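*Asks:* Here is a sequence together with a model predicted from it:
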Amino acid sequence: MFIKFLLIFLIGIPTIFCAKLPDYIKPCKLDDANLNSCAYNNAKAAIPRIAQGDPKYNLPSLSPLHIHQITLGGSRSLNLSLSHVDIIGIPDVDLQTLGITFNDSIYRLTASANVPKLNVKGDYKINGRILILPITGNGPANINLDDVFFEVEYDLKPETKNSKEYLKLVNDNIEMKVKHVTFKFENLFNGDKRLSAEMDKFIANNSQEIFNELKPAIIEVIKTVCLSILKGITNKVPLDELFVK
């Protein structure tokens with residue numbers, strides 16, 4: 001349920017109208033033998049401007065990305081939520097590969113990218129068990145993810161709206177790897193210094209395992225951010241503007 005609300009927050013209620021491709025995103029020719037090279041170069045050049053946000057296309061500012069609330073742990077053993085969240089570092093993304101293929105009326109977009117460092121700050125509430133230990137608390141949280149690698153895949157299919165063809169997302173997938181992660185939760189156990197110190201040590205020694213437990217929810221957040229950018233363009237820009245003849 002939360003992810004649906006986050007998606008609405010980021011991309012707004014879809015409004016279909018014919019818009020030109022933003023001048024900071026250059027189109028490519030679908031029949032160009034160097035299509036992938038064209039798409040990669042144009043996308044890489046557009047990232048700094050996309051990161052600034054664009055209300056006309058419902059693109060959120062990514063410098064930083066502000067999110068009202070994120071639920072990272074919703075299992076039977078752990079409830080972890082963050083509110084008033086800032087995600088810092090997205091504009092530093094290094095696009096490594098980008099490919100576009102077309103087959104059986106499906107446009108497939110694949111890409112890989114690396115973010116040197118993501119910093120997530122917010123107010124947390126946690127209750128339950130983290131791996132094997134009980135945990136509770138609320139207060140400021142600081143999560144650092146170093147050397148974050150993403151692979152994404154989107155399938156899009158043309159659909160006609162108001163006599164124009166637009167690309168509609170029909171399938172998506174994202175994979176994520178993190179080289180190193182740290183968690184800092186202040187005011188654990190209602191400020192009990194002894195219990196907090198023990199938990200801080202446990203979290204530091206098991207940070208990768210804790211990340212793996214939270215990873216599905218983190219991927220959903222990243223997926224929603226990526227979709228906000230993709231749909232911000234494809235919901236409003238017709239196919240013949242995205243790929244010129």
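*Replies:* Looks like it arrived, so ask away. From a predicted model like this one, the values you see are computed outputs, not experimental measurements.

*Asks:* quick one: furthest residue from the center of this protein?
*Replies:* No residue in the chain sits farther from the centre than Arg194, which is 36.2 Å out by Cα atoms, centre = their mean.

*Asks:* For stretch 205-216, give the mean pLDDT please.
*Replies:* For stretch 205-216, mean pLDDT rounds to 92.

*Asks:* Buried residues, that stretch. List them.
*Replies:* 206-207, 210-211, 213-215 (16 or more other Cβ atoms under 10 Å). The C-beta positions use only the backbone N, C-alpha and C, and glycine is treated the same way.

*Asks:* and of those residues, the nearest to Ile100?
*Replies:* Comparing these against Ile100 with Cβ to Cβ places Lys215 closest, at 27.9 Å.

*Asks:* what's the closest one in contact with, if anything?
*Replies:* Met176 (Cβ atoms under 8 Å, 6 or more residues apart in numbering).

*Asks:* go on, Asp147?
*Replies:* Counted by Cβ under 8 Å, 6+ apart, Asp147 has contacts 114, 116-117, 178-180.

*Asks:* One more: Asp54?
*Replies:* 22, 232.

*Asks:* And it, what's its pLDDT?
*Replies:* Predicted confidence (pLDDT) for Asp54: 95.

*Asks:* where does it fall, phi/psi-wise?
*Replies:* Dihedral pair for Asp54: phi -160, psi 100, per degrees, to the nearest 10.

*Asks:* Show me the helices in this structure, by range?
*Replies:* Ranges of helices within the chain are 2-11, 35-50, 193-205, 207-234, 239-242, based on DSSP state H.

*Asks:* Pick the most deeply packed of those helices.
*Replies:* helix 207-234 (a mean of 18; mean count of other Cβ atoms under 10 Å).

*Asks:* Run the angle between the strand ranked longest in the chain and helix 193-205 for me.
*Replies:* Across the chain, the longest stretch assigned as strand under DSSP state E is strand 133-161. Angle of strand 133-161 versus helix 193-205, following axes from the mean of the first three to the mean of the last three Cα atoms, to 10 degrees, is 50 degrees.

*Asks:* quick one: strand 133-161 to helix 207-234, angle?
*Replies:* Between strand 133-161 and helix 207-234, the angle comes out at 20 degrees (the same axes, to 10 degrees).

*Asks:* how about strand 133-161: buried residues?
*Replies:* Neighbour-count burial for strand 133-161, counted by 16+ other Cβ under 10 Å, picks out 135, 137-138, 141, 143-145, 148, 150, 152, 154-156.

*Asks:* what pLDDT does Asn142 get?
*Replies:* 97.

*Asks:* Surely it and Ile203 touch.
*Replies:* No: the pair Asn142 / Ile203 is not scored as a contact, 11.9 Å apart, by Cβ atoms under 8 Å.

*Asks:* Which neighbours do the two have in common?
*Replies:* Phe183.

*Asks:* Going by distance to Pro22, which of the buried residues of stretch 205-216 wins?
*Replies:* So of the buried residues of stretch 205-216, ranked by how close each gets to Pro22 (Cβ to Cβ), first place is Lys215, at 32.8 Å.

*Asks:* Give the burial count for the closest residue to Phe211 other than its chain neighbours, as a bare number.
*Replies:* Nearest residue to Phe211 in three dimensions, chain neighbours excluded: Val181, at 4.6 Å (Cβ to Cβ, 6 or more residues apart in numbering). As a burial measure, Val181 scores 20 neighbours (other Cβ atoms under 10 Å).
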